[in-house]
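Undergrad: okay, here's the prediction I keep looking at, along with the sequence it came from:
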Amino acid sequence: MKAVTFQEKQRVEVKEVEAPSIQQNDDMIVRITATGICGSDLHLYHGGFPLPQDYIIGHEPMGIVEEVGPDVKTLKKGDRVVIPFNVSCGHCYYCSNHMESQCDNSNPHGEPGGLFGYSKANGNYPGGQAEYLRVPYADFSSFKVPENSELDDESVLFLSDVIPTAYWSVENSGVKTGDTVIVLGAGPVGLMVQKFAWIKGAERVIAVDHVDHRLAHAKKANNVETINFKENKEIGSKLHELTKGGADVVIDCVGMDGTVPPDNTFGSEGDNQYGTISPIITASQAVRKFGVVQLTGVYGTEANNFPLGDFFTRNVALTMGQAPVIHMMPALYKMVENKLIDPTDIITHSFSISEAAEAYRIFDKKEDGSIKTILKP
Ligand code: NAD
Ligand code: ZN
Ligand code: ZN
């Protein structure tokens, strides 16, 4: 089968590899029909987490069940499924208590919980940017799209990650009616967070980025205020002033690639300073006293210059982590079906899997108006 494989920093290649097979009785094999490229894949692309050559990437897949192991009870060949990015057993303490992203059994290498296509440290599961995917714990680690569903792949695909991640980000940070919410990063995740901030009752939502077309989209699609940090170098204090003392909640949807190079060129090369943490510094300045900073953007390294004193002395709470996706999928599917949110407006590019190298390049450089890029094997 064809699969997107990591080769070296900023180079992925579509290769012919052996198709996966059932290994455990509760596994299934899914024939992938659509799969997203995520900001999290860019951390891999930029070498933020070490990957061996030929590792298969991808954690936002959906498709048709091709084969099930003998212990799979709720699924059969031909079912249409969306696969959450977390690999989770379904019966440990964490899976039983809506914390599937820290499943005790899905990572043979220890902690944290397993993730598809995200290196040995996260369980060493081959990813979903491929023609076929092996899904362990099939009954639990999947969402079956109802048989009578009228929704196309584009409408349900992001139940694998972006929709639940965004929903969880506003839940976990306690956004409530009347709040002012600042969303750092107007990529796919940030854009979806903006939608849920409104749904949760925010009174003011402010989007921060330096990519003009993404900010324009945020304004048009989500009716938020926007601010370009390239034109506002003291962005933290500017936001503090704009919100008259800081926002109730600041949600970082950037992560470790959002660091500003020391020469202040604001390059989005990502290829740089994993040791500096500019979105966190912005957040620490833009949040009000007793406010909340939620880190949804991924951090995988030690970070110097962390403004711990600012958090402590101003009573700011810090929340973070990988979203536990599975338990939220049925309710969020209903929200999409009932048109409470439209996740499709973020899709700007769709490629065949053979074109993955170009798809990654465009998504990384944010060229050609790119927001969310999907691959359709
Ligand atoms: P993306 O790379 O497309 O978007 C990030 C955006 O941040 C870009 O538009 C970029 O221009 C902007 N940006 C860069 N530096 C900035 C800064 N200093 N301040 C404000 N904006 C800045 O990625 P995405 O797909 O939207 O994902 C966003 C983040 O969320 C990534 O770090 C990804 O790994 C993470 N993520 C986390 C989870 C989770 O469970 N916690 C799930 C999915 C994605
Ligand atoms: Zn993702
Ligand atoms: Zn578990």
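TA: That came through fine. Numbers count the residues shown, from 1 in each chain. Ligands and ions are numbered 1, 2, ... in the order given.
Undergrad: can you give me the helices in the stretch 201-350 of the chain?
TA: Along the stretch 201-350 of the chain, counting by DSSP state H, counting those that start in this stretch, helices occupy 212-222, 235-242, 278-286, 308-313, 329-337.
Undergrad: tell me which parts of the chain are close to ligand 3?
TA: Ser88, Cys89, Cys92, Cys95, Cys103, Asn105 (C-beta under 5 Å from the ion). The way it works is simple: take the backbone N, C-alpha and C, and place the C-beta from them, glycine included.
Undergrad: still on that earlier bit, which of the helices of the stretch 201-350 of the chain sits closest to Glu147?
TA: Closest of the helices of the stretch 201-350 of the chain to Glu147 is helix 329-337, at 13.1 Å (criterion: C-beta to C-beta).
Undergrad: packing partners for that closest one?
TA: Packed against helix 329-337 by the contact rule (3 or more C-beta pairs under 8 Å, 6 or more residues apart in numbering; DSSP states H and E) you find strand 143-144, helix 153-156, helix 162-172.
Undergrad: returning to that earlier point: among the residues of the chain next to ligand 3, which one sits closest to Cys38?
TA: Once C-beta to C-beta is applied, the member of these that ends up nearest Cys38 is Ser88, at 18.3 Å.
Undergrad: residue contacts, that closest one?
TA: Contacts for Ser88 (C-beta atoms under 8 Å, 6 or more residues apart in numbering) come out as Tyr94, Cys95, Glu100, Ser101, Cys103, Ser106, Gly113, Gly114, Tyr137, Phe140, Ser141, Ile326.
Undergrad: so which of those residues belong to helices?
TA: Secondary structure from DSSP state H places Tyr94, Cys95 of the contacts of Ser88 in helices.
Undergrad: do stretch 45-62 and ligand 1 come into contact?
TA: No - using C-beta under 6 Å from any ligand atom, stretch 45-62 stays clear of ligand 1, coming no nearer than 8.5 Å.
Undergrad: list the residues that contact whichever residue of the stretch 101-250 of the chain sits closest to ligand 2.
TA: Nearest residue of the stretch 101-250 of the chain to ligand 2, counting by C-beta to the ion: Asp161, 3.8 Å away. By C-beta under 8 Å, 6+ apart, Asp161 lies in contact with Gly36, Cys38, Ser40, His59, Glu60, Pro84, Phe85, Ala323, Val325.
Undergrad: can you read off the pLDDT for the last one?
TA: So the one you mean is Val325. Listed pLDDT for Val325 reads 98.
Undergrad: now do the closest residue to Gln129 other than its chain neighbours against ligand 1, distance only.
TA: Nearest in space to Gln129, with sequence neighbours left out and distances taken as C-beta to C-beta, 6 or more residues apart in numbering, is Gly58 at 3.0 Å. Separation of Gly58 from ligand 1 (C-beta to the nearest ligand atom, to the nearest Å): 13 Å.
Undergrad: then Gly178?
TA: From Gly178 to ligand 1 the distance is 24 Å (C-beta to the nearest ligand atom).
Undergrad: tell me, how many residues neighbour that residue?
TA: Neighbour count for Gly178, taken as other C-beta atoms under 10 Å: 10.
Undergrad: for the closest residue to it other than its chain neighbours, give me its contacts.
TA: Distances taken as C-beta to C-beta, 6+ apart place Glu203 nearest to Gly178, at 5.0 Å, with adjacent residues excluded. With contact taken as C-beta under 8 Å, 6+ apart, Glu203 is in contact with Thr177, Gly178, Asp179, Thr180.
Undergrad: and the pLDDT at the residue in the stretch 151-300 of the chain positioned nearest to ligand 1?
TA: Ligand 1 sits closest to Gly187 of the stretch 151-300 of the chain, with a gap of 2.1 Å, by C-beta to the nearest ligand atom. Gly187 carries a pLDDT score of 97 in this model.
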